[in-house]
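K.L.:
got a predicted structure plus its sequence, pasted below:
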Amino acid sequence: MRETISPARAIEGVITLPGDKSISHRYGMLASIATGRSTIANYSTGADCQSTLTCMAALGAKIQRRDGSVVIEGGTLQEPGAMLDAGNSGSTIRMLSGILAAQAFTSRIGGDESLSRRPMGRIIGPLTEMGARIEAREGKYPPLVIYGREHSGALHGIDYHLPMASAQVKSCILLAGLFAQGDTIVREPVRTRDHTEIALKEFGAEIEIKKRTICLHAGARLSGRELVAPGDLSSACFFMVAALLLKESSLVIHGVGLNPTRSGLLDFLVSMGAQIKVLEVHQVGGELIGDLRVQASPVTGGVIEGAMTAALIDEIPALAVLGAASSNGLTVRDAGELRVKETDRIATIEAGFRQMGVKIETNPEGFHVPGGQSFHAAQIDSAGDHRIAMAFAVAALAADGPCTIEGAESAGVSFPEFFGTLRQITQT
Ligand code: S3P
């Protein structure tokens with residue numbers, strides 16, 4: 001599908017966003033293995049989070065959509081009748097594998113072409129250390145065969161130093177740890193999003209966190225909960241960048257997730273001169289939720305590196321667009337992980353920029369976009385990557401003529417309402 005985006009004068013309006021993708025996955029999985037009923041309001045509308053629900057339903061959880069909420073009756077999982085389909089979702093396959101590795105039955109899980117190229121060695125290693133038996137295509141790619149306890153025996157807790165910054169891998173190990181004998185300890189090299197730790201506590205697990213070390217106590221009994229997924233800050237980021245770019249913009253976003261392991265985005269934007277105000281903050285289910293006001297502002301540019309790269313990893317395509325329009329440009333370092341996302345995002349950002357006549361220098365671990373650049377009308381290929389489609393739709397608003405985004409439907413992976421919402425708040 002192709003979307004045409006015309007140049008715009010401003011972004012104006014008040015919006016609320018579908019639930020956070022990361023939090024929705026975790027609530028969907030934990031509710032399915034918890035005893036009793038959970039209700040999740042504002043569950044993500046994206047295809048990725050639906051993949052999680054489809055897998056959990058195939059594993060025996062009873063799942064219904066009711067009045068805008070997802071209602072899940074959880075309990076002991078059952079052997080699925082067919083291969084589990086994680087679609088495009090790295091979060092689904094990586095986190096769910098932790099749960100599957102501990103079940104009595106053997107399961108198979110795979111996904112689409114993009115997912116089939118994503119590295120799974122990072123979860124196979126620690127799960128194997130916990131006693132799991134997993135086979136993968138070429139030893140490291142989906143589909144995975146995850147053997148049941150009759151082949152592998154019960155899992156045991158480990159003390160694991162994560163070799164990379166990955167909340168998905170951390171979560172996979174913690175979810176396996178729920179079923180393991182003995183405590184499970186994960187030590188992170190830098191702090192990554194902590195939604196799993198917060199959700200585990202909410203569902204009744206005992207978990208201790210000291211700086212970057214997480215200890216999950218064995219023998220947790222999870223029970224169903226009433227939950228609300230906050231609006232997705234990573235989805236909000238596209239509109240925030242659009243509002244910053246287009247003079248005269250003013251945007252209010254209600255009920256967005258402001259968990260400190262994600263809200264580094266706001267600090268970074270403010271450090272560049274962005275006028276962003278947090279209007280109100282409260283806590284639901286251990287997660288911070290608030291309202292944001294964003295005003296058009298000239299931004300200076302900046303450097304994203306080290307721990308900040310891990311904290312902003314999903315926002316980098318949108319920030320690259322802002323960087324090109326900033327006064328000093330954007331440098332991104334320590335971002336080799338971008339090369340193994342839904343696409344090689346360093347390459348797909350570069351390809352889109354070249355189409356729009358925007359300069360960028362790339363390297364294996366990052367890139368530099370000089371500032372003060374203009375966006376030229378072009379046809380841009382999303383390469384099937386949701387965040388690339390949405391980032392270039394925002395760049396198109398600031399271009400010198402109408403642009404087309406090829407593969408625009410990929411936005412549906414995390415945010416099916418994206419183009420509709422963008423149209424509602426765009427002033428031409
Ligand atoms: C996610 C963690 C990040 C992020 C992904 C969602 C999560 O991936 O890029 O979109 O929900 O835990 P990694 O943990 O692989 O860095």
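P.N.:
Noted; the coordinates are in hand. Residues are numbered from 1 along each chain as shown.

K.L.:
going forward, measure contacts between C-alpha atoms and count neighbours the same way
P.N.:
OK.

K.L.:
near K211, how many other residues are there?
P.N.:
For K211, the number of neighbouring residues by other Cα atoms under 10 Å comes to 10.

K.L.:
surely D20 meets P230?
P.N.:
Yes - D20 sits in contact with P230 when judged by Cα atoms under 8 Å, with a separation of 5.8 Å.

K.L.:
look at those two and report which has more neighbours.
P.N.:
For D20 and P230, the more surrounded residue by other Cα under 10 Å is P230, and the numbers stand at 31 against 27.

K.L.:
what's the overlap in contacts for D20 and P230?
P.N.:
Residues touching both D20 and P230 (Cα atoms under 8 Å, 6 or more residues apart in numbering) are G257.

K.L.:
quick check: A335 vs A31, distance?
P.N.:
Between A335 and A31 the distance is 33 Å, computed by Cα to Cα, to the nearest Å.

K.L.:
for T348, that is, sorry about that
P.N.:
Between T348 and A31 the computed distance is 36 Å (Cα to Cα).

K.L.:
more neighbours: which of the two?
P.N.:
Using other Cα under 10 Å, the more surrounded residue of T348 and A31 is A31, with 31 against 20.

K.L.:
the more buried one touches V70, doesn't it?
P.N.:
No - using Cα under 8 Å as the test, A31 is too far from V70 to be in contact (10.1 Å).

K.L.:
which residues sit in contact with whichever residue of the stretch 1-150 of the chain sits closest to the ligand?
P.N.:
As assessed by Cα to the nearest ligand atom, the ligand sits closest to S22 within the stretch 1-150 of the chain, at 3.7 Å. For S22, the contact set (Cα under 8 Å, 6+ apart) comprises S91, H195.

K.L.:
surely it forms part of a helix?
P.N.:
Yes - under the criterion used here (DSSP: H, G, I helix; E, B strand; the rest coil), S22 sits inside a helix.

K.L.:
distance of it relative to T404?
P.N.:
When S22 is compared with T404 (using Cα to Cα), they lie 29 Å apart.

K.L.:
before we move on, what about I123?
P.N.:
When Cα to Cα is the yardstick, I123 and T404 sit 38 Å from each other.

K.L.:
how many other residues sit next to T421?
P.N.:
Counted with other Cα under 10 Å, residues neighbouring T421 total 15.

K.L.:
and what of Q283?
P.N.:
Residues lying near Q283 (other Cα under 10 Å) number 13.

K.L.:
and it, bridged to which residues?
P.N.:
Using DSSP bridges, the bridge partners assigned to Q283 are L288.

K.L.:
give me the residue from the stretch 251-400 of the chain nearest the ligand.
P.N.:
When Cα to the nearest ligand atom is the measure, the stretch 251-400 of the chain has its nearest residue to the ligand at D314, with 5.2 Å between them.

K.L.:
quick one: name the residues of the stretch 301-428 of the chain near the ligand.
P.N.:
Within reach of the ligand by Cα under 6 Å from any ligand atom, the stretch 301-428 of the chain has these residues: I313, D314.

K.L.:
show me where the stretch 301-428 of the chain has strands.
P.N.:
302-304, 330-332, 361-363, 366-369, 379-381, 403-406, 426-427 (DSSP state E, counting those that start in this stretch).

K.L.:
now the third one: mean pLDDT?
P.N.:
The predicted model gives strand 361-363 an average pLDDT of 98.

K.L.:
packing partners of that strand?
P.N.:
Counting contacts by 3 or more Cα pairs under 8 Å, 6 or more residues apart in numbering; DSSP states H and E, strand 361-363 is packed against strand 366-369.

K.L.:
list of residues touching the strand it packs on?
P.N.:
Where contact means Cα under 8 Å, 6+ apart, the residues beyond strand 366-369 that reach it are 320, 323-324, 329-336, 346, 359-362.

K.L.:
circling back: more neighbours: which of I123 and T404?
P.N.:
I123 (22 against 19).

K.L.:
the more buried one and S91 touch, don't they?
P.N.:
No - the pair I123 and S91 does not pass the contact test of Cα under 8 Å, sitting 11.4 Å apart.

K.L.:
residues contacting the closest residue to A86 other than its chain neighbours?
P.N.:
Counting by Cα to Cα, 6 or more residues apart in numbering, A86 lies nearest to G111, which is 4.8 Å off, once chain neighbours are set aside. Counting by Cα under 8 Å, 6+ apart, G111 makes contact with D85, A86, G87, N88, S89, P142, P143.

K.L.:
likewise for G81?
P.N.:
For G81, the residues meeting the contact criterion (Cα under 8 Å, 6+ apart) are A58.

K.L.:
for the closest residue in space to G264 that isn't next to it in sequence, give me its contacts.
P.N.:
On the basis of Cα to Cα, 6+ apart, the spatially nearest residue to G264 that is not a chain neighbour turns out to be A311, at 6.5 Å. With contacts defined as Cα under 8 Å, 6+ apart, the neighbours of A311 are R191, T192, R193, T261, R262, G264, L265.
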